[in-house]
Every structure is written in C-alpha cells, then in structure tokens.
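> just need the structure, nothing else, for what follows:
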Amino acid sequence: MKLYACVKCGMEFFERRAVCPTCRGEEFMEREAQLGEALVETQLFVTPAGFPEKYKISLIKVDGTKALVRRE
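Residues are numbered from 1 along each chain as shown. Okay, the predicted model is just below:
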C-alpha cells in the first residue's frame, strides 16, 4: 500500500493530492506502508448496488494512520 506524505508538514494521505489541505504544500513524497493488524473487523451482508452480496471490511492501522479497507 502506498502513502503520500507532504514534504512541508509530513501529513500523510492514501491518495495523491495536488495541494496539502493542512499547510497548502504542493510537493509530496511517495512511500510504501506496512499494513498492521485489524483493529475492528466485520462482514457486510447488505451492500450497495454493484458490490458483491457480502464482504468483509476492517479498520486497520497503516504506519500510525487508520484506514477502512475491504478484505477479500
């Protein structure tokens, strides 16, 4: 999993940004992140149209940042 960190303030994001919302910096550094253990895990049985009938989601910690991810 990739993280994008603002060079100016260090704020990290899971998606590319043109401008950092924290400090307005415009330069970002890309790095690989390590996935941690699931903090919370559950299975969805009622899902939005276009998604599988059921699937698992987890709240995980990625190098100190929390993320909601879909587990296969």
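
> so who does the residue of the chain most remote from its centre touch?
Residue distances from the centre of the chain (C-alpha atoms, centre = their mean) peak at residue 53, which lies 23.2 Å from the mean C-alpha position. By C-beta atoms under 8 Å, 6 or more residues apart in numbering, residue 53 lies in contact with 45, 47. All C-beta atoms are positioned from the backbone trio N, CA, C, and that covers glycine.

> now it, what's its secondary structure?
What DSSP: H, G, I helix; E, B strand; the rest coil gives for residue 53 is coil.

> ok, residue 43 next?
Quick answer, by three-state DSSP: residue 43 is strand.

> that one contacts residue 58, doesn't it?
No. Counting by C-beta atoms under 8 Å, residue 43 does not reach residue 58; the two are 10.0 Å apart.

> quick one, which of those two is more surrounded?
More neighbours surround residue 58 than the other of residue 43 and residue 58, with 16 against 9 (other C-beta atoms under 10 Å).

> name the element the more buried one belongs to?
Using DSSP states H and E, residue 58 maps to strand 55-62.

> what's that strand packed up against?
Here strand 55-62 touches strand 35-44, strand 65-71, going by 3 or more C-beta pairs under 8 Å, 6 or more residues apart in numbering; DSSP states H and E.

> cool, thanks, signing off.
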